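Q: Let's see this in three dimensions:
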Amino acid sequence: MREIDVSEVTALVSRLYQEANFNLPPDVVAALETALELEESPMGREVLETLLKNAEIAARERVPLCQDTGLAAVFAEVGQEVCFTGGPFRQAVDAGGAKAWEDGYLRASVVSSPCHDRANTGDNTPAMLHTELVAGDGVRITVLPKGAGSENMSRLAMLKPAEGIAGLVDFVVDTVEKAGGNPCPPIFLGIGVGGTMDRAALLSKLALLRPAGSPNPDERLARLELEIRDSVNALGIGPGGFGGSITCLGVALEEYPCHIASLPVAVNIQCNSARRATGSI
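A: Next up is the predicted model:
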């Protein structure tokens, strides 16, 4: 059994959230650069050039990539041979988020009561924490700052099994078409298929953790990802919603077994500022 003081968790979460807000991942930068080479619209190219310049400035000056510094989504893989000391794991994660928002001068974006007074918690906590118990004696944490512009455009549907792949593709394309320029395209799409409604939604978020351009190892799903990407790009929404050939930078689809009478599909849209960071203890 390995003991880990929760202060290490707090420090790691704080560091990761600041790094994620200041530094666009290299694979996302590469996706934007590729899009710039392929984009046919002059306005679309100008938007992409601006996004790349913004990423350069944010990294150099250590300022947020976007004014919406994102809801704190945290994914923790905790080894079953780990024993945390010094307090509850959950509190340590939230303390890390609060520290990041204070030290990094990040915007507080959480309200305590969604339906009533909507008072801001002041430190962007609590986090949306997803914890998985895994083998080993280590802890691996990934943070995904999720802005509301893209999150608000996300959708979930309980399709009929008879609708099949064609119905799935139609639902995803319709979701993006209805979103238009609201989620700050070019976008990434995380798609969760199967399980229950909650499992499909979680899968769609987990899909966004995959590096840009990395296909699903299942060749059938990899082909489906490309089909969805091409269908979405054919909409012509383009960078910034100003029209163009590149609306979607990448599609990541994850599936899970489901009930014989169900076909849950969740679409989680991620904006061009696809921020994430991972670290281990």
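Q: State the distance from the residue nearest in space to the middle of the chain to residue 123.
A: The residue lying closest to the centre of the chain (CA atoms, centre = their mean) is residue 208, at 4.6 Å. Separation of residue 208 from residue 123 (CB to CB, to the nearest Å): 24 Å. The C-beta positions use only the backbone N, C-alpha and C, and glycine is treated the same way.
Q: what's the answer for residue 159, then?
A: 39 Å.
Q: go on, residue 164?
A: Taken as CB to CB, the span from residue 164 to residue 123 is 45 Å.
Q: can you check residue 235 too?
A: 39 Å.
Q: looking only at pLDDT, what's the mean for the strand or helix carrying residue 35?
A: Element membership of residue 35, judged by DSSP states H and E, is helix 26-38. Here helix 26-38 scores 97 as its mean pLDDT.
Q: Now do the buried residues in that helix.
A: Residues of helix 26-38 classed as buried by neighbour count (16 or more other CB atoms under 10 Å): 28, 29, 31, 32, 34, 35, 36.
Q: average pLDDT across whichever helix in the chain runs longest?
A: In the chain, taking DSSP state H as the definition, the longest helix is helix 42-61. For helix 42-61, the mean per-residue pLDDT is 98.
Q: which other helices and strands contact that helix?
A: Secondary-structure packing of helix 42-61 (3 or more CB pairs under 8 Å, 6 or more residues apart in numbering; DSSP states H and E): helix 26-38.
Q: Pull the helix it packs on out as CSV, backbone CA atoms only.
A: Presented in CSV, the C-alpha positions along helix 26-38 are these (Å, rounded to 0.1, in the frame of the first residue of the first chain):
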residue,chain,number,x,y,z
PRO,A,26,0.6,20.5,-29.3
ASP,A,27,-1.8,18.1,-31.1
VAL,A,28,-4.5,20.8,-31.1
VAL,A,29,-2.0,23.4,-32.5
ALA,A,30,-1.0,20.9,-35.2
ALA,A,31,-4.7,20.3,-36.1
LEU,A,32,-5.2,24.1,-36.4
GLU,A,33,-2.1,24.4,-38.6
THR,A,34,-3.3,21.6,-40.9
ALA,A,35,-6.7,23.2,-41.1
LEU,A,36,-5.0,26.5,-42.2
GLU,A,37,-3.4,24.6,-45.0
LEU,A,38,-6.7,23.1,-46.1
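Q: could you pull out the helices for the stretch 101-250 of the chain?
A: 148-151, 164-179, 197-207, 219-233 (DSSP state H, counting those that start in this stretch).
Q: one step back: out of the buried residues of helix 26-38, which is nearest to residue 85?
A: For these, the residue nearest residue 85 by CB to CB is residue 28; the value is 36.4 Å.
Q: ok, the closest one touching residue 208?
A: No - using CB atoms under 8 Å, residue 28 makes no contact with residue 208, being 10.9 Å away.
Q: Now the common contact residues for these two.
A: residue 274 (CB atoms under 8 Å, 6 or more residues apart in numbering).
Q: coming back round to it: could you redo the buried residues of helix 26-38 as JSON lines and give each row distance to residue 55?
A: Shown next, in JSON lines, are these (distance: CB to CB, whole Å):
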{"residue": "28", "distance to residue 55": "8"}
{"residue": "29", "distance to residue 55": "6"}
{"residue": "31", "distance to residue 55": "11"}
{"residue": "32", "distance to residue 55": "8"}
{"residue": "34", "distance to residue 55": "14"}
{"residue": "35", "distance to residue 55": "13"}
{"residue": "36", "distance to residue 55": "12"}
